[in-house]
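K.L.:
just the structure for this:
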Amino acid sequence: MRILLVEDDETIVETLSDFLRTEQYLVTAADGQQKALALVAQQEFDLVLLDIALAEGNGYAACRGIKEIRDIPVIFLTASTDEFSVVTGLDLGADDYIGKPFRPRELLSRMKSVLRRCGRANPLIRFGELSIDQSKGQVKRGGEEVFLSALEYRLLLYFASHQGQLVTRNQLLSEIWDMAGEFVNDNTLTVYIKRLREKVEEDPQNPTLIVTVRGMGYRVSSP
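P.N.:
Numbers count the residues shown, from 1 in each chain. Presented below is the predicted three-dimensional model:
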């Protein structure tokens, strides 16, 4: 997924770009209205993250211009969450907004929701011999459905979206906390991963999809 980040705060640009790249998004940044419009005219993007208060131009005008060039989903990043600002943004065609300061994973959840709603998210993920249909919450292996608990499914999605990478246990604990809204401790995580392997690995005793890297975490099979 290609993301255009329109923001003139260099710290936010650097931090958010680094975070989104770890989540496998391709990020291009623009610090003003004219540069953003030029990029939209030249390149294809799947989503625009747009700050309302720009040093050059403003987010409202940029949103209108972007929508005139291409039908791209837009999420406003704004420090102004009063009703007038929100309604104005939505009336101009914005698909969602999130107030500053925001938590990166909350923004990521909003992004995925908008992409799904606009038909731009790929609902099907291939992970080894597994087929994960996000639109149905269904996992199949060799054509047979694999039945997972809610937390097992969330863990599998996280691993599948980080194929070819090293995933730490702290990352997993943070993700389960954020997505499930409940506390999962280190010992419980070990139990969930064991159960998940028993359901998705051909040989759970010698896993190939989710491989333990002692002292670090798990190496996820490459696509």
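K.L.:
where do the strands sit along this structure?
P.N.:
In the chain, the strands defined using DSSP state E lie at 2-6, 26-30, 47-51, 74-78, 96-99, 124-127, 130-133, 138-141, 144-146, 166-168, 210-213, 217-220.
K.L.:
what angle do strand 26-30 and the first one make with each other?
P.N.:
Interaxial angle of strand 2-6 relative to strand 26-30 (axes from the mean of the first three to the mean of the last three Cα atoms, to 10 degrees): 20 degrees.
K.L.:
what's the span of stretch 145-155, first residue to last?
P.N.:
For stretch 145-155, the first and last residues are 17 Å from each other (Cα to Cα, to the nearest Å).
K.L.:
so for it, mean pLDDT?
P.N.:
For stretch 145-155, the mean pLDDT works out to 90.
K.L.:
now it: buried residues?
P.N.:
146, 148, 151-155 (16 or more other Cβ atoms under 10 Å). All C-beta atoms are positioned from the backbone trio N, CA, C, and that covers glycine.
K.L.:
export the strands of the chain as JSON lines, with columns for distance to Val87.
P.N.:
What follows is the strands of the chain, written out as JSON lines (distance: least, Cβ to Cβ, whole Å):
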{"stretch": "strand 2-6", "distance to Val87": "20"}
{"stretch": "strand 26-30", "distance to Val87": "25"}
{"stretch": "strand 47-51", "distance to Val87": "16"}
{"stretch": "strand 74-78", "distance to Val87": "11"}
{"stretch": "strand 96-99", "distance to Val87": "10"}
{"stretch": "strand 124-127", "distance to Val87": "36"}
{"stretch": "strand 130-133", "distance to Val87": "36"}
{"stretch": "strand 138-141", "distance to Val87": "38"}
{"stretch": "strand 144-146", "distance to Val87": "44"}
{"stretch": "strand 166-168", "distance to Val87": "40"}
{"stretch": "strand 210-213", "distance to Val87": "46"}
{"stretch": "strand 217-220", "distance to Val87": "43"}
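K.L.:
list the buried residues for stretch 189-208?
P.N.:
Judged by neighbour count (16+ other Cβ under 10 Å), stretch 189-208 contains these buried residues: 189, 192-193, 195-197, 199-201, 207.
K.L.:
of these, closest to Glu10?
P.N.:
For the buried residues of stretch 189-208, the minimum distance to Glu10 (Cβ to Cβ) is 36.2 Å, reached by Leu189.
K.L.:
roughly how far apart are that closest one and Pro223?
P.N.:
24 Å (Cβ to Cβ, to the nearest Å).
K.L.:
now swap in Thr28 and tell me
P.N.:
Look at Thr28 and Pro223: by Cβ to Cβ, they are 23 Å apart.
K.L.:
cool, and Arg141?
P.N.:
Arg141 is 17 Å from Pro223, where distance means Cβ to Cβ.
K.L.:
next, name the residue at the spatial heart of the chain.
P.N.:
Within the chain, the residue whose C-alpha comes closest to the C-alpha centroid is Leu108; the distance, by Cα atoms, centre = their mean, is 4.2 Å.
K.L.:
got the contact list for that residue?
P.N.:
When the contact criterion is Cβ atoms under 8 Å, 6 or more residues apart in numbering, the partners of Leu108 are 19-20, 23.
K.L.:
fine by me, we can end here.
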